[in-house]
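> Provided below for reference: sequence and predicted model.
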Amino acid sequence: MSSPLTAGLMPSDWPVLAAPARWHRIDFISDLHLQASEAATFAAFQTYLGSTQADALFILGDLFEVWVGDDVASVLPGRPPGFEAQCQHFLAAASERIPLFFLHGNRDFLLGNAFAAASGMTLLPDPTVLVFDAQRWLLSHGDALCLGDTDYQQFRAQVRTPAWQSAFLAKPLAERQIIARSLRAQSESRKTSGAVYADVDTPAALHWLDAAQANTLIHGHTHHPADHLLNPGGIDPLRRLVLSDWDAAATPPRLEVLRLRHGATPERCKLF
């Protein structure tokens, strides 16, 4: 199992992305879980990509409900583009206007360089430090910090190894899709059983922030958007900002962006 301090990298290796001076507004989203059967959410995402005035967009994982390899976005001769190819098209169009950054989630950790390049997205390790507005912001999907779910952490450690990924991606696409459907069915069964999911471990989050010399952790994964103060009474507030998932069919719709602006506190923006 990975330690609380690791997500494939040690703190000294965590990349630092310095925002260019021209960036005045940055948007963050995660957990859209895009899939062909959720047309309304996909349409909302298309509209957002085509209209956002952000100077950069960071997607902090689980953009897709499942990802079994970049070849799933291939367009076969004589056939119309599939759902993943359509997503690639809209991302590529948006990337011509603004920089797109992607950090893997627990559902789309197999999204690779080929799809990212074709979509115009820059892949980021988890975690990554963003320097913006004279502050250091620590970006993560968040699943590596949910230490209470030991079964998941063991699974995560296994599937993030190069050996496991190479063996899985070597399987025929149809077989990979069958395996993915089985894993999704198990996940849905667990949800309907009323299972309680572990939240981000506070000591681990504080350890990460200290290692990154950052005051704020921004992440998704838990689907519980909130602003958490991690050190009540501390001289310098240490916070954990949790992104919302997206579901256009929910009542009310969950379509939220976390926005950073120069000289302003983080803002949660409801779309449409």
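In hand now; what should we look at?
> Any stretches of this structure with poor pLDDT?
Per-residue confidence for the chain (pLDDT under 70) gives these ranges: 1-12, 193-194.
> check contacts around Arg176.
Residues in contact with Arg176 (Cβ atoms under 8 Å, 6 or more residues apart in numbering) are 68-69, 168-169. Heads up, the C-betas are built off the backbone N, CA and C, glycines and all.
> which residues does the closest residue to Thr216 other than its chain neighbours form a beta bridge with?
Take Thr216 and drop its neighbours on the chain: the residue closest to it by Cβ to Cβ, 6 or more residues apart in numbering is Arg239, 4.8 Å away. Beta-bridge partners of Arg239, counted by DSSP bridges, are Thr216, Leu229.
> What is the distance between stretch 70-82 and the centre of its chain?
24 Å (Cα atoms, centre = their mean, to the nearest Å).
> Show me which of the contacts of Arg176 is closest to Gln186.
Val68 (15.5 Å; Cβ to Cβ).
> The closest one is in contact with Gln177, isn't it?
Yes - here Val68 reaches Gln177: they are 5.7 Å apart, a contact under Cβ atoms under 8 Å.
> on that earlier part again, Produce a PyMOL select command limited to the buried residues of the contacts of Arg176.
In PyMOL syntax, the buried subset of the contacts of Arg176 is picked out as below (16 or more other Cβ atoms under 10 Å):
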select buried, resi 68+69+168
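> could the contacts of Arg176 be laid out in JSON lines, adding secondary structure and distance to Ser51?
Conversion of the contacts of Arg176 to JSON lines gives the following (DSSP: H, G, I helix; E, B strand; the rest coil; distance: Cβ to Cβ, whole Å):
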{"residue": "Val68", "secondary structure": "coil", "distance to Ser51": "31"}
{"residue": "Gly69", "secondary structure": "coil", "distance to Ser51": "31"}
{"residue": "Phe168", "secondary structure": "helix", "distance to Ser51": "37"}
{"residue": "Leu169", "secondary structure": "helix", "distance to Ser51": "35"}
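> quick one on the thing from earlier: gap between the residue nearest to Thr216 and Thr202?
12 Å (Cβ to Cβ, to the nearest Å).
> again, but for Trp164
30 Å.
> cool, Ala19 as well?
28 Å.
> the more surrounded of the two?
Legend: neighbour count by other Cβ atoms under 10 Å for Ala19 and Thr202, higher for Ala19 (18 against 14).
> Correct me if wrong: the more buried one contacts Phe132.
Yes - Ala19 is within contact range of Phe132, at 4.1 Å (criterion: Cβ under 8 Å).
> Overlap in contacts, these two.
Ile26.
> now the helices for the stretch 101-250 of the chain?
113-119, 150-159, 162-169, 173-192, 202-212 (DSSP state H, counting those that start in this stretch).
> which one of these lies closest to His33?
The closest of the helices of the stretch 101-250 of the chain to His33 is helix 173-192. By Cβ to Cβ, the value is 10.3 Å.
> buried set for the closest one?
176, 180.
> Same check on stretch 35-54?
35, 38, 41-42, 44-46, 48-49, 52, 54.
> go on, stretch 139-159?
Neighbour-count burial for stretch 139-159 flags 139-147, 149, 152-153, 156 (criterion: 16+ other Cβ under 10 Å).
> and which of these is nearest Asp62?
Closest approach to Asp62 among the buried residues of stretch 139-159 (Cβ to Cβ): His141, at 7.0 Å.
> Using the three-state scheme, assign the spatially closest residue to the closest one that is not a sequence neighbour.
With Cβ to Cβ, 6+ apart as the criterion, His141 has its nearest non-adjacent residue at 3.4 Å, and that residue is Gly61. Three-state call for Gly61 (DSSP: H, G, I helix; E, B strand; the rest coil): coil.
> Gly61 against Leu111, yeah?
No - using Cβ under 8 Å, Gly61 is not in contact with Leu111, being 9.5 Å away.
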